[in-house]
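**Q** 3D, please:
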Amino acid sequence: MKSKGKAEGLGFFEKYLTLWVILCMIIGVLIGQFAPAIPDTLSQFEYFQVSIPTAILIWLMIYPMMLKIDFTSIVRAAKKPKGLVITCVTNWLIKPFTMYGITALFFYVIFQQLIPIELAKEYVAGAVILGAAPCTAMVFVWSYLTKGNSAYTLVQVAINDLIILVLFAPIVAFLLGVDNVSVPLATLLLSTVLFVVVPLFLGFITRLLIIKKRGLTYFENVFLKKFDSVTIIGLLLTLIIIFSFQGERIISNPLHILLIAIPLTIQTILIFTIAYSWSRFWKLPHNIASPAGMIGASNFFELAVAVSISLFGLQSGATLATVVGVLVEVPVMLLLVKVSNKTKDWFINPESLNEIKNV
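**A** Residues are numbered from 1 along each chain as shown. Okay, the predicted model is just below:
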């Protein structure tokens with residue numbers, strides 16, 4: 001892949017996302033140490049344990065993503081089910097459970113001398129929430145960088161969004177229950193409604209109305225672009241707020257950032273390997289196989305952060321774990337993009353088939 005293609009696929013902000021997260025961490029910690037009145041004031045605005053200021057910012061991130069989902073494309077994809085089977089099975093029957101298994105192994109066994117058990121439980125809880133939320137936004141970038149089938153990627157994302165409505169809360173509740181972590185079910189369901197159902201519905205209605213009034217070209221090339229800076233601002237401010245509450249923990253336990261990153265990185269590579277290898281076994285074309293691997297490997301971290309804040313609070317280890325997920329995502333996913341591009345000869349060349357069949 002030429003560097004020009006990468007520049008077009010991965011914007012300046014996305015390319016240096018890890019750097020922005022580190023800068024937000026520094027700014028947030030400084031605010032927490034030298035202007036504690038700010039997080040103290042923000043903590044007063046809660047409803048059902050949901051931070052209202054943070055919820056607003058997260059909405060600014062999630063709503064533009066939901067605008068991109070075209071649910072009508074799902075019907076057309078029914079004739080090419082294999083890629084969807086791989087995506088759904090990997091994301092919902094494998095990924096959440098391997099996330100729990102890997103993080104439990106590291107935090108309860110390998111790192112048991114480094115992390116207190118109660119804090120380890122919080123880190124595992126955050127990882128579980130992250131693992132139960134497959135990617136809905138950045139996967140379009142990863143798909144582009146590997147020359148994935150953009151239409152099929154859109155279908156994969158749309159179906160995952162629909163499944164999130166049904167399975168996200170039960171899977172999170174079940175896996176946290178295995179660790180005897182108390183989960184306020186009402187808060188979990190409220191979070192799912194606030195951060196998935198409502199923005200998904202509003203995104204669908206907005207898309208429908210704008211396309212009907214101005215056309216698809218205007219919607220994709222003009223209307224959606226208006227939200228680019230909104231999403232970025234929402235993410236950066238959310239990270240600053242989170243780190244302002246996490247300042248003491250980061251200062252007293254800076255090693256924990258690295259310790260959390262290790263199992264998350266292993267999980268990411270494992271899930272990509274499972275979906276990508278399965279795609280090769282089923283003889284799928286590379287432009288279907290690569291997005292199938294990418295969508296499970298990356299995470300809907302905006303939703304994970306929102307839910308962890310709702311369930312455990314801004315100062316929790318669970319929230320810190322989800323934010324570390326943001327920290328490691330871009331460098332690890334760019335590594336997997338390189339792997340995908342170097343191994344594309346393992347797969348069928350879709351151009352030689354004229355049209356993708358039986359996928």
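
**Q** S191 and A318, how far apart?
**A** Relative to A318, S191 is positioned 13 Å away (Cβ to Cβ, to the nearest Å). To be clear about C-beta, it is placed using only N, CA and C from the backbone, and glycine gets the same treatment.

**Q** shared neighbours, these two?
**A** Common contacts of S191 and A318 (Cβ atoms under 8 Å, 6 or more residues apart in numbering): L311.

**Q** What is the distance between the helix or strand hosting I271 and the centre of its chain?
**A** Using DSSP states H and E, I271 maps to helix 255-281. Centroid separation for helix 255-281 versus its chain: 13 Å, with Cα atoms, centre = their mean, to the nearest Å.

**Q** Downstream of it, the next helix or strand is which one?
**A** helix 286-297.

**Q** Alpha carbons of that following helix, in CSV - could you do that?
**A** In CSV, the C-alpha atoms belonging to helix 286-297 read as follows (Å, rounded to 0.1, in the frame of the first residue of the first chain):
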residue,chain,number,x,y,z
HIS,A,286,-9.2,-10.7,0.8
ASN,A,287,-11.5,-7.7,0.6
ILE,A,288,-14.0,-9.6,2.7
ALA,A,289,-11.5,-11.4,4.9
SER,A,290,-9.6,-8.3,6.0
PRO,A,291,-12.6,-6.3,7.3
ALA,A,292,-13.9,-9.4,9.0
GLY,A,293,-10.7,-9.6,11.0
MET,A,294,-10.5,-5.9,11.6
ILE,A,295,-14.0,-5.4,12.9
GLY,A,296,-13.5,-7.9,15.7
ALA,A,297,-10.0,-6.8,16.5
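
**Q** Three-state assignment for T136, please.
**A** coil (DSSP: H, G, I helix; E, B strand; the rest coil).

**Q** ok so, going back, the helix holding I271 - contacts with which helices or strands?
**A** helix 82-89, helix 95-105, helix 117-131, helix 228-252, helix 286-297, helix 317-342 (3 or more Cβ pairs under 8 Å, 6 or more residues apart in numbering; DSSP states H and E).

**Q** quick one: which of those has the weakest pLDDT on average?
**A** Ranked by mean pLDDT, the helices and strands packed on helix 255-281 end with helix 228-252 at the bottom, a mean of 77.

**Q** residue ranges with poor pLDDT in the stretch 101-250 of the chain?
**A** Applying pLDDT under 70 to the stretch 101-250 of the chain flags the ranges 137, 184.

**Q** if we can go back for a sec, using CSV, lay out the helices and strands packed on helix 255-281 together with mean neighbour count and distance to F174.
**A** What follows is the helices and strands packed on helix 255-281, written out as CSV (neighbours: other Cβ atoms under 10 Å; distance: least, Cβ to Cβ, whole Å):
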stretch, mean neighbour count, distance to F174
helix 82-89, 21, 17
helix 95-105, 20, 9
helix 117-131, 24, 9
helix 228-252, 19, 26
helix 286-297, 29, 19
helix 317-342, 22, 16
